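A.B. asks: What shape does this take:
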Amino acid sequence: MTEESQVTIPSERSSVENLDPGPILLFDGVCNFCSGTVSFVIRRDPRARFRFAALQSDAGRTLLEHHGLPQNELDTVVVVRDGRAYTRSDAALEVVRHLRTPWSWLYLLRVVPKPIRNFIYDRVAKNRYSLFGRKAECLIPGPDVRRRFL
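C.D. replies: Numbers count the residues shown, from 1 in each chain. As a prediction, this is how the structure comes out:
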């Protein structure tokens, strides 16, 4: 991923932007850690604000392309919210920001300088498969949350 972790979208509207007003979390669908993170978010997002898409999915690739992000680098989660795409530690902070308390308090980590946050994020992202493993295929959501997946 590029050093920049926030990308502003062009002024033109696409069908992708009109999917839902809530934030969209793009994740590596074959990564056990990433899929576990999605499950964690689902359980702590009682208002069901977040929508989800695997980076490898058609919807994920379309969103990446729309926001000018590479489609072949899957080393970050991406949060798309209010016309912006957040990556790396900014994306993680956007996730916790919208969760219920006490998890939302982690947003206070925003005061940590971005280079430090991204250094830590990058170490976890680089080693996520060796630490947590990977699946042969993307997460298949249960029927109760399937509507939240793009």
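A.B. asks: what is the rounded mean pLDDT of the longest helix along the chain?
C.D. replies: If you go by DSSP state H, the chain has its longest helix at helix 114-132. Averaged over helix 114-132, pLDDT sits at 89.
A.B. asks: for stretch 28-48, same thing?
C.D. replies: 88.
A.B. asks: ok so, going back, give me the helices and strands touching the longest helix of the chain, please.
C.D. replies: helix 32-43, helix 88-97 (3 or more CB pairs under 8 Å, 6 or more residues apart in numbering; DSSP states H and E). (C-beta placed from N, C-alpha, C; glycine too.)
A.B. asks: most tightly surrounded among those helices?
C.D. replies: Comparing the helices and strands packed on helix 114-132 by mean neighbour count (mean count of other CB atoms under 10 Å), helix 88-97 ranks first with a mean of 22.
A.B. asks: Not counting sequence-adjacent ones, nearest residue to R148?
C.D. replies: R51 (5.3 Å; CB to CB, 6 or more residues apart in numbering).
A.B. asks: Where does G29 sit: helix, strand or coil?
C.D. replies: With DSSP: H, G, I helix; E, B strand; the rest coil as the basis, G29 sits in coil.
A.B. asks: Go through the longest helix of the chain and flag the buried ones.
C.D. replies: K114, R117, N118, Y121, A125, R128 (16 or more other CB atoms under 10 Å).
A.B. asks: Put the alpha carbons of that helix into PDB.
C.D. replies: Output of helix 114-132 as PDB, limited to C-alpha atoms (Å, rounded to 0.1, in the frame of the first residue of the first chain):
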ATOM      1  CA  LYS A 114       0.700   8.000  12.400                       C
ATOM      2  CA  PRO A 115       4.200   6.700  11.600                       C
ATOM      3  CA  ILE A 116       4.300   4.800  14.900                       C
ATOM      4  CA  ARG A 117       0.700   3.500  14.500                       C
ATOM      5  CA  ASN A 118       1.400   2.400  10.900                       C
ATOM      6  CA  PHE A 119       4.700   0.700  11.800                       C
ATOM      7  CA  ILE A 120       2.900  -1.500  14.400                       C
ATOM      8  CA  TYR A 121       0.000  -2.100  12.000                       C
ATOM      9  CA  ASP A 122       2.400  -3.100   9.200                       C
ATOM     10  CA  ARG A 123       4.200  -5.600  11.400                       C
ATOM     11  CA  VAL A 124       0.900  -7.400  12.300                       C
ATOM     12  CA  ALA A 125      -0.300  -7.200   8.700                       C
ATOM     13  CA  LYS A 126       3.000  -8.600   7.300                       C
ATOM     14  CA  ASN A 127       2.900 -11.600   9.700                       C
ATOM     15  CA  ARG A 128      -0.900 -12.200   9.900                       C
ATOM     16  CA  TYR A 129      -0.800 -15.500   7.900                       C
ATOM     17  CA  SER A 130       2.100 -17.000   9.900                       C
ATOM     18  CA  LEU A 131       0.600 -15.900  13.200                       C
ATOM     19  CA  PHE A 132      -3.100 -16.700  12.600                       C
END
